[in-house]
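Peer 1: Next comes the sequence, and after it the predicted model I'd like to discuss.
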Amino acid sequence: MDAPTRAHEIDEMLAERSIAKVLHSYARGIDRLDLALVRNCYWPDATDDHGGYTGGVDGFIEFVDRALQRFERTNHFCGNMLIDVNLAEHEARAETYCVAYHRMRDTDGKELDMTAGLRYVDRFEERQGEWRIQRRVCAYDWRRVDYVDGDGGFADAYVRGLRSADDIVYRILD
């Protein structure tokens, strides 16, 4: 097999960068409740297996909208990403480690944090120069729940993240 050319290596790097941007956009969309952004990470005929839901992207968006309502805040941190691109087949495989933080209240109103370690295992497709998720399976590795000590808050002077288009990120990027 011939060694890849410099142009081929650059094309692979650009594809990896595009795929990483989709993965990071997904995390932003979930944490800001920007479901249009989440939907745009998937091809319309994509499937998602999140454990509590397995099926098409439209059903996934409905599922995740309901699921996220029980949390006051979420924060998804994407770590290790291993992205294998097959330019000839216009597809890629990606494994992305994620730590997902969820602030919520128990039935007595006490704040708690549910933290999960998981991996997004994805098959991406490139169509007309654009990379999106075609198939996703979430592999859950661990989970823990901790009660929040103290009031868990910030002073009024701090800019707080919002789960809406009113979040600071959307104003800064305008």
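Peer 2: Nice, I can see it. Numbering: from 1, shown residues only.
Peer 1: only C-alpha atoms for contact and neighbour calcs from this point on.
Peer 2: Will do.
Peer 1: Look up which residues are beta-bridged to the nearest residue to E16 once chain neighbours are set aside.
Peer 2: Spatial nearest neighbour of E16, excluding adjacent residues (CA to CA, 6 or more residues apart in numbering): I83 at 6.3 Å. For I83, the beta-bridge partners are A94 (DSSP bridges).
Peer 1: May I have the residues that are in contact with I83?
Peer 2: Listed by CA atoms under 8 Å, 6 or more residues apart in numbering, the contact set of I83 reads E16, I19, A92, R93, A94, E95.
Peer 1: Could you give the bridge partners of L118?
Peer 2: Counting by DSSP bridges, L118 forms beta bridges with C98, Y140.
Peer 1: Just put the contacts of I83 in CSV and tack on distance to G161 and pLDDT.
Peer 2: Conversion of the contacts of I83 to CSV gives the following (distance: CA to CA, whole Å; pLDDT from 0 to 100):
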residue, distance to G161, pLDDT
E16, 29, 98
I19, 25, 98
A92, 33, 98
R93, 32, 98
A94, 29, 98
E95, 27, 98
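Peer 1: Now do the residue nearest to E16 against V159, distance only.
Peer 2: 34 Å (CA to CA, to the nearest Å).
Peer 1: which parts of stretch 158-174 are buried?
Peer 2: Buried positions in stretch 158-174, judged by neighbour count with 16 or more other CA atoms under 10 Å: L162, R163.
Peer 1: going forward can the numbers begin at 19, since that is how I track them
Peer 2: In the new numbering, first residue 19, that becomes stretch 176-192.
Peer 1: can I get the CA coordinates of it in CSV?
Peer 2: In CSV, the C-alpha atoms belonging to stretch 176-192 read as follows (Å, rounded to 0.1, in the frame of the first residue of the first chain):
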residue,chain,number,x,y,z
TYR,A,176,-20.8,36.2,38.5
VAL,A,177,-22.0,35.6,35.0
ARG,A,178,-24.0,32.4,35.2
GLY,A,179,-24.6,29.9,32.4
LEU,A,180,-28.1,29.8,31.1
ARG,A,181,-30.0,26.9,29.4
SER,A,182,-31.3,29.1,26.6
ALA,A,183,-30.3,31.4,23.7
ASP,A,184,-29.8,34.1,26.4
ASP,A,185,-26.6,32.4,27.5
ILE,A,186,-23.5,34.6,27.2
VAL,A,187,-22.0,32.4,24.4
TYR,A,188,-24.7,33.5,22.0
ARG,A,189,-24.3,37.1,22.8
ILE,A,190,-20.5,37.0,22.5
LEU,A,191,-20.7,35.2,19.2
ASP,A,192,-23.2,37.6,17.6
